[in-house]
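In: got a predicted model here, sequence first, then my questions.
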Amino acid sequence: MNALIQEELFPEETLQRLPLSYRYMARLHSEGFQENFSHHRFSRSWMHASNAYIGTGTYKPLHDIVLQDLFAD
Amino acid sequence: MILILTYDAYEQGTDPVVDWLLEANVPFVRVTATDLVRRRIRYQIDVDRQDVYLDGQSVKESVRVVWYRRFLGEMPDVGRAAGPHRAQLQAEVSTEIRHLFEYLCFILKDRPWLPAPGKTQLNKLEVLNHAQASGLNVPVTRVINNRRDLEELYRRSPNGLITKLIADVRKPYVQAETTYVAVTQVVDAERIEPMSEYFFPTLFQEKVPAQYEVRIFYLDGDCYATAIRSSEPEHVDRKLNGSQKTHYLPYRLPDALTGQIRELMRRLDLNTGCIDLMRRPDGAYVFLEVNPVGQYLAESEHCRYQLDRKIANWLITHNAA
Amino acid sequence: MDKRLFFRLYAHTIPVRGRERSALYDLQHGHVLRIPNACYDLIMQFRTHPIGVVERMQPEETVGWVEQYVRYLLSRDAGFLTDEPERFPELDLTWQTPHSLQTAIIGYAFGQYDLWLVLRQLDRLRCQHLELRLDGGPEDLEQLPEQLTEFDDAAFRTITLFIRHQPLLSRTRFVEGLYEQCRKIDRIVVYDCPEDERKPKTEHVLYTGKSLEEMRPQQPRYIINLNYFSECQRFNPFYNRKVCIDQRGEIRNSLGQPRSFGNVRTCAIEEVIGQPDFQELWHVSPDQIEDLRDSELRYCLFVADELEKDTGSGLYRIRQRTRPAPAVPA
């Protein structure tokens, strides 16, 4: 569960030399941080000239078996 | 041919546009900073002739339009073996690539760009001035280095204050399972109290009371606006699920506001960008910031704006011109 | 309540009228609220009139319903009050895609045709999602990692594997290794697996004793999101932009559909899927299906059944009916 907890990353000696924003940084779980995409899987696509081709599923079942139901808890 | 300048790591806004280019069978080439440094493809830049040769073939004339999508956001790493000199080396290598990139922009300066080169690193403070000159409301904004002036500003701000970085620094600090991000923060008496008499010059703004947020994707004169509203707690049944929901809604801007946005983008020499505004309870709109290479996909999907297709169409039209 | 205000549904909350009842689809948060048709009719009036005017438009005995319904819809977070309704337009529900082919479902028993030639065709067609249903012996399966990794830079976003159980799969790290090696694999399901051979489920790998047929939904299934809803307006989301190839290489709209449009041994997939009669079912929206068109849930009910055309009415019927819809899940 992601939580926008505010926490100090840097020691006090460093914080004294920084803008106020660094004293109250938001701490999040890396998995949940949108720009990390660390919980996604990536491959490549020569056609897209992409080395970070995201493997996201689609908005509907592929066929007559609903995978989400099989893998649900 | 369309030249796409992006980076190697995942950039969510690029592939959806590329899908439309592929569907239209329009040629494109995708280049990253890593490609310039590491890819095993033969190229040279002929400075005398201001041309670029790929595998011995001139490509300058074939590039008709350029889409800049965060190219300078990721630089190749010099590696840990550099030891104690790593930071300095990294800075110098990054500068080297940046200068090379600037020269490529110079060679291609007569091509249509989306957005224009050199316009993606904006100064927030200057942008606020341009916004004012365009007729937009902006929050009361100060850069302060001392507690006395900060306390005075706080006293004069009935809705409170926020602080954020002046520069558009968005990179997170990742430590394994945990990520730290510098975000816009509320500044209240509790946070002012322990501050020293003098401190690093910091940006403070009045907190804008918001009925809702308005996010605009701007593309060559057209505004695609999204209102971001929260559920209204005074009406919603608390038993529903206890959490306040966020609603992304297509939004029709007043004509006057559209005109002001266009004027702002003209002043900034930007043909695209993501603009954030707040709508106050009294009906006024307050400009916050513009990001020339902001993410557009979420609002586009929520509001069915098909912005990926519109960007692709813009590139295709300018490629054919 | 200030009755000079307008009640506005959120743009992503879309009313759908059925014969017996109506429904509000919240397509951003994934749920459906059933409402009486009378409420639907009021919602249509709210589009162009403030609350007070809508009240005055009602017969005297039902005037009180207007405020009641508004409070109810607000309490369900279906909309909001505003004095600027013109600022909040409706969603454009046009469904568009840059992909002529979204999905390919392939049954393969390692012998009847060359799967890898088929995958190369699908790659050239920029097919997005691949589902492979494999039934082979250990010597066939052992070739999989090497062959699949040849498609590591194909246009497929995801590959889903259904593999009929062989001891190789449960007694070694074969499946786990396959998932790690081939970056396009999204999920692997080992089916028809004896109980004592089933490894614990992970996020991406499942061992099950069920057959392919038994894994089909046994209860009506609902898909509530914006893409699905908009696709339903003019297309059939089950058939649209899909090609199926069975174990004999026959090209069909669905693995269960009797009609074949050719065989991959002799036909190019691109030619087949470009034919109007292959694409016929793509365009059979729920409004054209007799069993669905009067249901308020027609734009979220997932129908994976065979369709047959009533040549008289021009509408279609579901050949094997799904069970009647129970209460919609929250």
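Out: Yep, that arrived.
In: C:Cys39 is in contact with C:Val66, correct?
Out: No. At 10.1 Å, C:Val66 and C:Cys39 do not qualify as touching, with contact defined as Cβ atoms under 8 Å. C-betas here are computed from N, CA, C, even on glycine.
In: so those two - more neighbours on which side?
Out: Using other Cβ atoms under 10 Å in any protein chain shown as the criterion, C:Val66 and C:Cys39 rank with C:Val66 on top: 23 against 19.
In: take the host helix or strand of that one, keep the C-alpha atoms, and write them as CSV.
Out: Using DSSP states H and E, C:Val66 sits within helix C:63-75. Output of helix C:63-75 as CSV, limited to C-alpha atoms (Å, rounded to 0.1, in the frame of the first residue of the first chain):
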residue,chain,number,x,y,z
VAL,C,63,-42.6,16.2,-8.3
GLY,C,64,-41.1,15.0,-5.0
TRP,C,65,-39.2,12.2,-6.9
VAL,C,66,-36.9,14.8,-8.6
GLU,C,67,-35.2,15.9,-5.4
GLN,C,68,-35.1,12.4,-4.1
TYR,C,69,-33.4,11.1,-7.2
VAL,C,70,-30.9,14.0,-7.2
ARG,C,71,-30.0,13.3,-3.6
TYR,C,72,-29.8,9.6,-4.3
LEU,C,73,-27.5,10.1,-7.3
LEU,C,74,-25.3,12.5,-5.3
SER,C,75,-25.1,10.0,-2.5
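In: the very next helix or strand once past that helix: how far from the chain's middle?
Out: As assigned by DSSP H and E, the chain's next helix or strand after helix C:63-75 is strand C:79-82. Strand C:79-82 has its C-alpha centroid displaced from the chain centroid by 31 Å (Cα atoms, centre = their mean, to the nearest Å).
In: tell me the first helix or strand C-terminal of strand C:79-82.
Out: strand C:103-108.
In: can you tell if the helix holding C:Val66 touches chain B?
Out: Yes. Applying Cβ under 8 Å from any Cβ of the partner chain, one finds helix C:63-75 in contact with chain B at C:71, C:74-75.
In: cool, and stretch C:231-245?
Out: No. Using Cβ under 8 Å from any Cβ, stretch C:231-245 never reaches chain B; the gap is at least 11.8 Å.
In: and A:Pro61, how many neighbours?
Out: A:Pro61 has 22 nearby residues by other Cβ under 10 Å.
In: same question, C:Gly136
Out: For C:Gly136, using other Cβ under 10 Å, the count is 17.
In: what does B:Val37 give?
Out: 13.
In: same deal with C:Ala78?
Out: Using other Cβ under 10 Å: C:Ala78 sits among 21 other residues.
In: just the buried ones out of the residues of helix C:63-75 next to chain B, please.
Out: C:Leu74 (16 or more other Cβ atoms under 10 Å in any protein chain shown).
In: spell out which parts of chain A neighbour chain C.
Out: Residues of chain A lying near chain C (Cβ under 8 Å from any Cβ): A:41-48, A:53-67, A:69-71.
In: er, chain B I mean
Out: Near chain C, when you scan chain B using Cβ under 8 Å from any Cβ, you find B:19-20, B:22-23, B:227, B:229, B:231-232, B:235-237, B:240, B:245, B:247-252, B:301-306, B:309.
In: which of these fall within helices?
Out: The helices, defined by DSSP state H, take in B:19-20, B:22-23, B:301-303, B:309 from the residues of chain B next to chain C.
In: chain A: which of those is nearest?
Out: Using Cβ to the nearest Cβ, B:Leu22 is the member of those that lies nearest chain A, at 6.3 Å.
In: what residues are up against the closest one?
Out: B:Leu22 sits next to A:47-48, C:98, C:126 when contact means Cβ atoms under 8 Å, 6 or more residues apart in numbering or on different chains.
In: okay if I get the residues you listed as JSON lines plus neighbour count, secondary structure and distance to C:Glu60?
Out: Shown next, in JSON lines, are those (neighbours: other Cβ atoms under 10 Å in any protein chain shown; DSSP: H, G, I helix; E, B strand; the rest coil; distance: Cβ to Cβ, whole Å):
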{"residue": "A:Met47", "neighbour count": "16", "secondary structure": "coil", "distance to C:Glu60": "66"}
{"residue": "A:His48", "neighbour count": "20", "secondary structure": "coil", "distance to C:Glu60": "64"}
{"residue": "C:Pro98", "neighbour count": "18", "secondary structure": "coil", "distance to C:Glu60": "55"}
{"residue": "C:Arg126", "neighbour count": "20", "secondary structure": "coil", "distance to C:Glu60": "61"}
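In: and the contacts of stretch B:155-174?
Out: A:9, A:19-21, A:25, A:30, A:33, A:35-36, B:121-125, B:140, B:143, B:153-154, B:179-188, B:202-209, B:291.
In: among these, which ones are in helices?
Out: Among those, the members falling in helices (DSSP H) are B:124-125, B:153-154.
In: ok, the most centrally placed residue in chain B to chain A distance?
Out: The geometric centre of chain B, computed from its C-alpha atoms, lies nearest to B:Asn291 (Cα atoms, centre = their mean), at 2.9 Å. Separation of B:Asn291 from chain A (Cβ to the nearest Cβ, to the nearest Å): 13 Å.
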